[in-house]
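1. Here is my input; please provide its structure:
(3 chains)
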Amino acid sequence: MAYWLLKSERETWSWDQQKREGRKGAEWTGVRNYQARNNMRAMKKGDRGLFYLSGGDKCVVGIVKVVKEAHPDSTDPTGKWDCVDVAAVAALPHPVTLAAIKAEPKLKPMVLVKNSRLSVQPVTEAEWRKVCAMGGMADPP
DNA sequence: GCCAACGTTGGC
DNA sequence: GCCAACGTTGGC
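-> Now for the predicted structure:
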């Protein structure tokens, strides 16, 4: 299983909205960047993702999983861009802020730290475990 | 609201 | 195919 980080702006797509979509999930639309698209194309059903909010409070707030692999983004009239479907798995007991991630030496190599602009990023298993643990989930589902 | 970093576009 | 100009993103 692979791990990812999915970035969203809270005004556009919040954790609450994601939760409301339930276990069948929703399309992760609006990605218009090749690197991010390629990352989505590499996702497999069941892969886990960190749900990260940019904008106001920059933090990881929850865990999502891929429920449908890459397919055309229904919001894209050109047909060039893809999206995956993701469903909420669990909220982190407490959010992990960007500041906390930056302050943790083990997380220095995270793409989030090194390339903050990429909206869909790979995360290593070690990083995944660390962030979940910092969020109060020693054994993430 | 500003600015730095990055990605994309378009002219050559 | 290179590179300058531009636009966008996101952290602060």
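2. What is the distance between the longest helix along chain A and the centre of its chain?
-> Secondary structure of chain A per DSSP state H: the longest helix is helix A:125-134. Distance of helix A:125-134 from its chain centroid, counting by Cα atoms, centre = their mean, to the nearest Å, is 13 Å.
3. can you pull the buried residues of that helix?
-> Buried residues in helix A:125-134, counted by 16 or more other Cβ atoms under 10 Å: A:127-132, A:134. All C-beta spots, glycine's among them, are computed from the backbone N, C-alpha and C.
4. near DNA strand B, which residues of chain A show up?
-> Proximity of chain A to DNA strand B (Cβ under 7 Å from any atom of the strand) is limited to residues A:33-35, A:115, A:117-118.
5. rerun at 6 Å
-> By Cβ under 6 Å from any atom of the strand, the residues of chain A that approach DNA strand B are A:33-35, A:115, A:117.
6. Just the buried ones from those?
-> Here, 16+ other Cβ under 10 Å leaves nothing buried among those.
7. need those in a markdown table with pLDDT and distance to A:Pro141, can you?
-> Formatted as a markdown table, the residues of chain A next to DNA strand B follow (pLDDT from 0 to 100; distance: Cβ to Cβ, whole Å):
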| residue | pLDDT | distance to A:Pro141 |
| --- | --- | --- |
| A:Asn33 | 92 | 29 |
| A:Tyr34 | 91 | 31 |
| A:Gln35 | 92 | 28 |
| A:Asn115 | 91 | 28 |
| A:Arg117 | 91 | 29 |
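8. Is the lengthiest strand in chain A positioned near DNA strand C?
-> When chain A is parsed with DSSP state E, its longest strand is strand A:82-97. No - judged by Cβ under 6 Å from any atom of the strand, strand A:82-97 makes no contact with DNA strand C; its nearest approach is 8.8 Å.
9. Okay, buried residues for that strand please.
-> A:82-92, A:95-96.
10. That concludes my questions; thank you for your assistance.
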